[in-house]
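Asker: Just the structure for this:
(2 chains)
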Amino acid sequence: MKKFIILLIFKVLFVKNAFALIEVDITRGNLDPLPIAVSPLHVDVKSENFEGIKVKELGENISLIVEKNFRATGLFNPLKKEAFVQKPDIAHLKPRFEDWRLIKAQALVTGKLLVKDGKLKVEFRLWDLAAAKEMTALAFTTTPSNWRRVAHIISDKIYERLTGEEGYFDTRIIYVAESGAKNQRVKKLAIMDQDGANTKYLTLGNELVLTPRFNPTSQMVTYMSYFRNMPRVYLLDIETGTQEVVGNFPGMTFAPRFSPDGKKIVMSFAKDGNSDIYTMDLDTRVVERITDHSSIDTSPSFSPDGKFIAFNSDRSGLQQIYVMRSDGSGVKRITFGNGIYGTPVWSPRGDLIAFTKMRKGRFYIGVMRTDGTGERLLTENYYQEAPSWSPNGRVLVFYRETKAGSKGEGFSAKLWSIDITGYNERKLNTETDASDPSWSSLLSK
Amino acid sequence: MMFNKNLKNILLVVFTTLILSACSTAKKSGNIDGDVYTGKETVKFLASGVPDRIFFATNKSSLTTAARETLRKQATYLRKNKSLNVTIEGHADERGTREYNLALGERRANAAKDYLMTYGISGKRISTISYGKEKPVNPASTPLAWSQNRRSVTVKVN
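Answerer: Numbers count the residues shown, from 1 in each chain, chains lettered A, B, ... in the order given. The predicted model follows:
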């Protein structure tokens, strides 16, 4: 009888555990990050050397990038490796679940890699420690020099499995790198991985460059340059380095952004002092005027279905946010709160518009529904603006400037990110001062 | 009672002094009327007696009386020097979004250009460019610096 009861309890526990698949809820502020153990990937002894890469340390280094990505989300708490209870190769085959649970881990990442014939073969597994089950597994092959991207792709897969949302780690950020005194700033286009690695400078700093934005469907970028002292919107292919001016406008063009299908650029064109919104089709080169108003109309941003454009205008007196159909009809003001509103940017999920708000000498980054209701201010500071969405619509990156002293000393510009929950505000590491960030789509999509 | 009255008087005196000193410091350090800069600190000259720049109120591109006076001097100077062409650079302070400031600088430069044209200067002689908030003349983060940076500057190109 006693035996039977014990068996029964075991059975019940087992069943319960089997359904206890871990899940991370990213819709609430994260006060309880998920403890996760990221085991170093086991490096196969048959691995060969590869130029410029420390193959023996590769498994450890990949796991460190995965950990760093997870920590930066604020949703996960990667545990210290000193406490790990199993060798990487053995854990990857079959973790001793109860031992990992002892160190309070709820999820475990294991993996192994092989560098051979100039190729990097990687496989990894994600384990639910409470349920004692494998949750996901993946193997892939790439060139060894891509090893950082391997770490980001692993991070994306695990994030997706645990949160139910697409990841955003295998992405890049393009921005304006700034240096020099505040009244003699030198600005260059720069690009880096989302975690701050692999910074590359795309212009030399000979002319002022502003507001680079990614094409959501390719590695093209649109930006504004004062090349030959003619402020115009440009198109840049970051793979080939080729650049061209967008359209043949007799005056300043600025504030460019791609349409969601990547085929059009929407921007402002200033004629006789008045700025209106135009689009240009990149294939046909057909230019269309979208707004025709004596006020300043600028900072346009398409909705992800391409049907609407949000923009800011001072037609009511001060800068406010408006939404119209993408042919310019049906213009509707959506901000009526106290303060001035600018830089609307439509979420890639379509549900929210991020914006900059100015009120009583303070600057806010916020989000609202696309009809202007449900305004939530996420962060307040002396000066910050220009939010850009992570491709999954969960995180915003923006830039923040500090107050300068009487000679401009103490001035800095840095990139920051914040979750749309309002939690997890953090500074991004950039080699130089930085502004005008734009987040790419997932590279591996 | 007596004491109270005295105290009141003393307080009144202290108060008045405070108000007076507040006024005089604002005037001295400010050179700002409303929030338009009225000083000479950053001003250069196209020729003797012809200031090169005008100043604007926050978010505005309307011309003040002082701005019109400066522009009339510039128009007279340009009429006398018929071969001279100019560029008008429009600027904004740092307390706005970058893109809006580009548009605002453009509007300010064109407000100056339009006024010069009403005094008979051909539009062909005047080009405009906006730098938005990108080229502050005073890098400080103070209301005075911002008022000096909200400007349009007429620059000779030949």
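
Asker: Contacts only, for the spatially closest residue to A:Ser313 that is not a sequence neighbour.
Answerer: Spatially, and ignoring its direct neighbours in sequence, A:Ser313 is nearest to A:Asp297 (4.7 Å; C-beta to C-beta, 6 or more residues apart in numbering or on different chains). Bear in mind the C-beta positions are built from the backbone N, C-alpha and C, glycine included. Residues near A:Asp297 by C-beta atoms under 8 Å, 6 or more residues apart in numbering or on different chains: A:Ser268, A:Ser275, A:Asp276, A:Ile277, A:Thr291, A:Phe311, A:Asn312, A:Ser313, A:Arg315.

Asker: ok, so of these, who is nearest chain B?
Answerer: The closest of the contacts of A:Asp297 to chain B turns out to be A:Ser275 (C-beta to the nearest C-beta; 4.0 Å).

Asker: The closest one pairs with what?
Answerer: A:Ala270 (DSSP bridges).

Asker: Report how many residues lie close to it.
Answerer: 31 (other C-beta atoms under 10 Å in any protein chain shown).

Asker: Check whether it really touches A:Phe269, as I assumed.
Answerer: Yes. A:Ser275 lies in contact with A:Phe269 (C-beta atoms under 8 Å); the separation is 7.1 Å.

Asker: Keep only those of the contacts of A:Asp297 that are in strands.
Answerer: Applying DSSP state E to those, the entries found in strands are A:Ser268, A:Ser275, A:Asp276, A:Ile277, A:Phe311, A:Asn312, A:Ser313.

Asker: Can you read off the backbone torsions of the residue positioned nearest the centre of chain B?
Answerer: Central residue of chain B (C-alpha atoms, centre = their mean): B:Phe55, 1.9 Å from the mean position. Here is the backbone geometry of B:Phe55 (degrees, to the nearest 10): phi -120, psi 150.

Asker: per-residue confidence for it?
Answerer: On the pLDDT scale, B:Phe55 is placed at 98.

Asker: ends of stretch A:236-252, how far apart?
Answerer: 18 Å (C-alpha to C-alpha, to the nearest Å).

Asker: and chain A, what are its domains?
Answerer: A:21-27+A:34-163, A:172-438 (automatic domain parsing).

Asker: show me the contacts for the most centrally placed residue in chain A.
Answerer: Geometric centre of chain A, nearest residue: A:Ser390, 3.2 Å, by C-alpha atoms, centre = their mean. Shown in contact with A:Ser390 (C-beta under 8 Å, 6+ apart): A:Tyr168, A:Thr171, A:Leu396, A:Val397, A:Ser417, A:Trp439.

Asker: and the last one, bridged to which residues?
Answerer: Spelled out, that is A:Trp439. A:Ile173.

Asker: cool, and the fourth one?
Answerer: The residues listed as beta-bridge partners of A:Val397 by DSSP bridges are A:Ser388, A:Ser417.

Asker: close enough to count as contact, it and A:Ile420?
Answerer: No. Counting by C-beta under 8 Å, A:Val397 stays clear of A:Ile420, with 11.8 Å between them.

Asker: Now do the helices in the stretch 101-250 of chain A.
Answerer: Taking DSSP state H, counting those that start in this stretch as the criterion, the stretch 101-250 of chain A carries its helices at A:147-163.
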